[in-house]
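> Build me a model:
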Amino acid sequence: MDIWMIWLIAGILCMIIEIFSHGFLFMSFGISAILVGILAALLILSNTVQVILFLIITVLVFLYLRKHSGKMIKVEEQAAFEMPKKKKGIVTKDIPPDGKGYIKADGKELPAMSKNNVAIEKGQLVIITNISDEGLIVKKRK
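Now for the predicted structure:
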C-alpha cells in the first residue's frame with residue numbers, strides 16, 4: 001500500500017473519531033492527514049517532509065478551528081440566555097442528575113440541567129425554569 005493511501009485512511013479515521021469527541025483535535029489530525037496524503041500522491045515527498053508538513057498543517061488547522069469554533073459556541077450561549085422562562089422544550093440528550101444534557105426549544109438545541117437534580121430522559125417534555133451560566137435549568141413537564 002502506498003504511503004499516500006495510509007495518510008488518507010488515517011485522515012478518514014480521525015474524522016470519524018471526531019464525531020464522537022469534542023475539541024476539534026481529531027478533526028485537525030484528519031484534515032492534515034488528508035492534505036498530506038493528497039500532496040504525497042501528487043508530489044514526490046520524502047517521509048520526513050510528509051511528517052513535517054503534517055505537523056505544521058495540524059497546528060494551523062487546529063488554531064483556525066479553535067478560533068472559529070469559539071464564535072459558534074458564543075452564539076449557542078447567547079441563544080440560551082435569550083430563551084424565556086416557562087418556555088417548553090424536549091430533551092434531545094439525557095440530562096443526568098448532576099450533569100448537563102441538551103434540550104430543543106424554539107428550534108434551537110441548547111445545554112440544560114435538571115432543576116431538582118433528577119435524571120430526565122431523552123424525549124421527555126420539559127419547562128425552562130431558569131437560566132444559569134452553564135445553560136438552561138429545566139424541570140419535567142407534567
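> What strand or helix carries Leu65?
helix 47-82 (DSSP states H and E).
> Dump the next helix or strand after that helix to PDB, keeping only the CA atoms.
Note on helix 47-82: by DSSP H and E, the next helix or strand toward the C-terminus is strand 88-93. This file holds the C-alpha atoms of strand 88-93, laid out as PDB (Å, rounded to 0.1, in the frame of the first residue of the first chain):
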ATOM      1  CA  LYS A  88     -41.400  24.400  26.800                       C
ATOM      2  CA  GLY A  89     -38.900  22.100  25.200                       C
ATOM      3  CA  ILE A  90     -38.000  18.500  24.700                       C
ATOM      4  CA  VAL A  91     -34.900  16.700  25.900                       C
ATOM      5  CA  THR A  92     -32.600  15.600  23.000                       C
ATOM      6  CA  LYS A  93     -29.800  14.200  25.100                       C
END
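> quick check, distance from strand 88-93 to the centre of its chain.
19 Å (C-alpha atoms, centre = their mean, to the nearest Å).
> what does stretch 41-51 give?
31 Å.
> pLDDT averaged over that stretch - what is it?
Here stretch 41-51 scores 92 as its mean pLDDT.
> export it as CSV, just CAs?
C-alpha atoms of stretch 41-51 as CSV (Å, rounded to 0.1, in the frame of the first residue of the first chain):
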residue,chain,number,x,y,z
ALA,A,41,0.1,11.4,-4.2
LEU,A,42,0.7,14.5,-6.4
LEU,A,43,4.3,15.2,-5.5
ILE,A,44,7.3,13.0,-4.6
LEU,A,45,7.9,13.9,-1.0
SER,A,46,10.2,12.1,1.5
ASN,A,47,8.7,10.7,4.6
THR,A,48,10.4,13.3,6.7
VAL,A,49,8.9,16.1,4.6
GLN,A,50,5.5,14.5,4.9
VAL,A,51,5.7,14.3,8.7
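> Appreciated, that's everything.
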